[in-house]
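Asker: Here's my sequence, what's the structure:
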Amino acid sequence: RSGRARPGEGLAGASARRTMSLSFFRPTATVEVEIAGEHPTKRITPPSADGPVDVPVFEALGIVAGSVVVHIQQGKRLEHQGVKLELIGQIELLYDRGNNTRFLSLVRELEPVGTLSETTTYPFEFTTEKPYESFSGTNVLARYFLRVTVSKQYGNSMVKEHEFIVQHVQPEPEVNPAINMEIGITDCIHLQETLSRQKYHLKDVITGNVQFLLTRIRLKYAEVAIIRRESVGQGPNAFTESENVAKFEVMDGSPSRGEVVPIRMHLATIPLTPTYRGVHNLYSVRYHFNLVLVDEDDRRYFKQAELTLWRKELG
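Answerer: Got it, this is the predicted structure:
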């Protein structure tokens, strides 16, 4: 109704009233966080966002720098009780969202109590170590973010969060032995599985083989899988959830005695993280390589070995 021209008003008058109406509902101020420098990015869906966004990736000792911009609408004034910036690292247990554990908290006071009448930019720089990797699991979320708060005496404060990712690049392991496992059922089946190493970086290739030494049962197929085990909590309240993150068939049909089946698995295409042990005494993430044999009666025989995964580069 308000968009229609009134008698004697004309289209120009109706357009002017629409502009005035939009300006009335436009906020006095908006807040923006800008990150300085070139950084790798990763697509995630932060809790503070409506959908997936690309966020910057930093190393453990990477400098987080940039600027906070408080945009003031032309001709408006913002009375505030102070402007502050926080860098926060916290662990959220997804089954208990109200009980977050904050392991990193730094605060910069950007502006004391006063009034802003024009757009203002505040540069910032944080040089602190970030002790844990970002992680989004089944029951755990470890996240880092910048939070800008413009406090108001009346009404709700203005809060803007800007997520970023932390990854820890690790050196090549000095000791990395091969894995040798045997599966055996007396007078039925006996085989040996070999993997070239126990530790792999996230874009590595797992190579090895399965050698059948005795096969008196008929097998339908064999498959290998990587299982992620996410453990949360301590003591009697601790629990673990397992998930197959990758599974491949390596053999179809029953092998003969002495046959060797090769194993080759590319990790770069699998959604993996490094191995985490006792992060802030709250959670661990471990990976296991699983060999499964299935016979013609659908009985399953399996053997597992723990792998250690590490990050060679950001990304």
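Asker: so what does the helix or strand containing residue 121 touch, helix or strand wise?
Answerer: Assigned by DSSP states H and E, residue 121 belongs to strand 120-126. When contacts are defined as 3 or more C-beta pairs under 8 Å, 6 or more residues apart in numbering; DSSP states H and E, strand 120-126 packs onto strand 64-72, strand 83-93, strand 101-111. The C-beta positions use only the backbone N, C-alpha and C, and glycine is treated the same way.
Asker: avg pLDDT for the helix or strand that the last one is followed by?
Answerer: Meaning strand 101-111. Going down the chain from strand 101-111, the next helix or strand is strand 114-116, by DSSP H and E. For strand 114-116, mean pLDDT is 93.
Asker: what separates strand 114-116 from the chain centre, distance-wise?
Answerer: Remark: strand 114-116 is offset 38 Å from the chain centroid, using C-alpha atoms, centre = their mean, to the nearest Å.
Asker: Give the pairing partners of it; include direction for each.
Answerer: strand 78-80 (antiparallel) (DSSP bridges).
Asker: Give me the buried stretch members for the partner strand, please.
Answerer: Of the residues in strand 78-80, 78, 80 count as buried by neighbour count, 16 or more other C-beta atoms under 10 Å.
Asker: what does that strand rub up against?
Answerer: 28-29, 70, 72, 111, 113-117, 150-153 (C-beta atoms under 8 Å, 6 or more residues apart in numbering).
Asker: Could you rerun that using 10 Å?
Answerer: For strand 78-80, contacts defined as C-beta atoms under 10 Å, 6 or more residues apart in numbering pick out 27-29, 70-72, 111-118, 120, 149-154, 157-158.
Asker: Now do the SS call for residue 51.
Answerer: coil (DSSP: H, G, I helix; E, B strand; the rest coil).
Asker: residues contacting it?
Answerer: Neighbours of residue 51 in contact, by C-beta under 10 Å, 6+ apart: residue 45.
Asker: Can you give me the distance of residue 120 to residue 68?
Answerer: Distance, residue 120 to residue 68, by C-beta to C-beta, to the nearest Å: 9 Å.
Asker: higher neighbour count, the two?
Answerer: residue 68 (24 against 16; other C-beta atoms under 10 Å).
Asker: How about the more buried one: which residues does it bridge to?
Answerer: residue 33, residue 122.
Asker: ok, it touching residue 158?
Answerer: No - counting by C-beta atoms under 10 Å, residue 68 stays clear of residue 158, with 11.4 Å between them.
Asker: Need the overlap of contacts for these two.
Answerer: 31, 83, 148, 150.
Asker: Please report phi then psi for the first one.
Answerer: By that I understand residue 31. Phi and psi for residue 31, reported as degrees, to the nearest 10, are phi -120, psi 140.
Asker: hang on, the earlier thing: quick one, the strand holding residue 121 and strand 83-93 angle?
Answerer: 50 degrees (axes from the mean of the first three to the mean of the last three C-alpha atoms, to 10 degrees).
Asker: Remind me what the following helix or strand past strand 120-126 packs against, helices and strands.
Answerer: Scanning forward in sequence from strand 120-126 by DSSP H and E, the next helix or strand is strand 135-136. When contacts are defined as 3 or more C-beta pairs under 10 Å, 6 or more residues apart in numbering; DSSP states H and E, strand 135-136 packs onto strand 140-150, strand 158-166.
Asker: would you list these in TSV and tack on distance to residue 237 and mean neighbour count?
Answerer: Listed next are these as TSV, based on distance: least, C-beta to C-beta, whole Å; neighbours: other C-beta atoms under 10 Å:
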stretch	distance to residue 237	mean neighbour count
strand 140-150	14	21
strand 158-166	27	20
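Asker: I'd like to know which of those is closest to residue 190.
Answerer: Of all these, it is strand 140-150 that lies closest to residue 190, at 40.3 Å by C-beta to C-beta.
Asker: Sketch out the low-pLDDT regions of this protein for me.
Answerer: 1-26 (pLDDT under 70).
Asker: sorry, back to before: out of the helices and strands packed on strand 120-126, which is closest to residue 296?
Answerer: strand 83-93 (44.6 Å).
Asker: just to revisit the earlier point, make JSON lines from the helices and strands packed on strand 120-126 and add distance to residue 234 to it.
Answerer: Shown next, in JSON lines, are the helices and strands packed on strand 120-126 (distance: least, C-beta to C-beta, whole Å):
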{"stretch": "strand 64-72", "distance to residue 234": "31"}
{"stretch": "strand 83-93", "distance to residue 234": "12"}
{"stretch": "strand 101-111", "distance to residue 234": "13"}
